[in-house]
Every structure is written in structure tokens, then in C-alpha cells.
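Q: just need the structure, nothing else, for what follows:
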Amino acid sequence: MSIYIGNLSYQVTEEDLKRAFAEYGTVNRVQLPTDRETGRPRGFAFVEMETEAQETAAIEALDGAEWMGRDLKVNKAKPREERSSPRGSWGGNSGRGNRRY
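A: Coordinates of the predicted model:
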């Protein structure tokens, strides 16, 4: 399981997150998604810790805490949902414009 951290400063680094969460236990992994076009962080991250007890302690301590000028949103990460593309959407095989002759 992992922890979702939202409302992050755009200046945050993976190392910043490791240091902050290490106070509550062993950090196994940090994911800091970046924008494809700008390369800057997208304002959220995921942290995986060694045990569920460590994750719970970090969530209880950091949810709502002010860090780097922002009030953090910290909770258990939800499983990623499968993206389904409805028929007729961009890139779908709606027929028009996608025909090959």
C-alpha cells in the first residue's frame, strides 16, 4: 500500500519527501509525477513505507499539516482505476477520420 500526498509545493523534491516521511519510519519508494510538457512536479506524490503502522503514523501526523507554505492532504492511496476510452472519443475508432483505404 502507499500514501497519497496532495497539495504539494511545486518546488518539492523526492529527497524532501524522503526526509519528511523518514521521521515516521522507513521509506521504501517515492514517486513524484511530473508534467510532460514543463517537467515540473504536478503537486502530488506517492510514498511507500515499510509497514502499515508507519504509513498510519505518517498520515495521522501530516494530514492537514502546513509544509513548504501548503496545507498537505495525506491519506491512503486508492488503487489506480483502469481508463476505458468510450467509443467516439479522441483516438478511439469512431470511424470518421480514422479510416484506412
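Q: and the gap between the residue nearest in space to the middle of the chain and residue 69?
A: Nearest residue to the geometric centre of the chain (C-alpha atoms, centre = their mean): residue 45, 3.3 Å. Distance, residue 45 to residue 69, by C-beta to C-beta, to the nearest Å: 16 Å. Where you see a C-beta, it was placed from the backbone N, CA and C, and this is true even at glycine.
Q: need the residues that contact the one helix or strand the residue nearest to the centre of the chain maps to.
A: If you go by DSSP states H and E, residue 45 is part of strand 44-49. Here strand 44-49 makes contact (C-beta atoms under 8 Å, 6 or more residues apart in numbering) with 1-8, 12, 14, 17, 21, 24-33, 55, 58, 77.
Q: packing partners of the helix or strand just after it?
A: Remark: after strand 44-49, the chain's next helix or strand is helix 52-62, criterion DSSP H and E. Contact here means 3 or more C-beta pairs under 8 Å, 6 or more residues apart in numbering; DSSP states H and E; on that basis helix 52-62 packs against strand 3-6, helix 14-22, strand 44-49, strand 73-76.
Q: try it again with 7 Å
A: strand 3-6, strand 73-76 (3 or more C-beta pairs under 7 Å, 6 or more residues apart in numbering; DSSP states H and E).
Q: who does the residue lying closest to residue 20 once chain neighbours are set aside bridge with?
A: Sequence neighbours aside, residue 67 is the residue nearest to residue 20 in space, at 6.9 Å (criterion: C-beta to C-beta, 6 or more residues apart in numbering). When bridges are called by DSSP bridges, residue 67 pairs up with residue 70.
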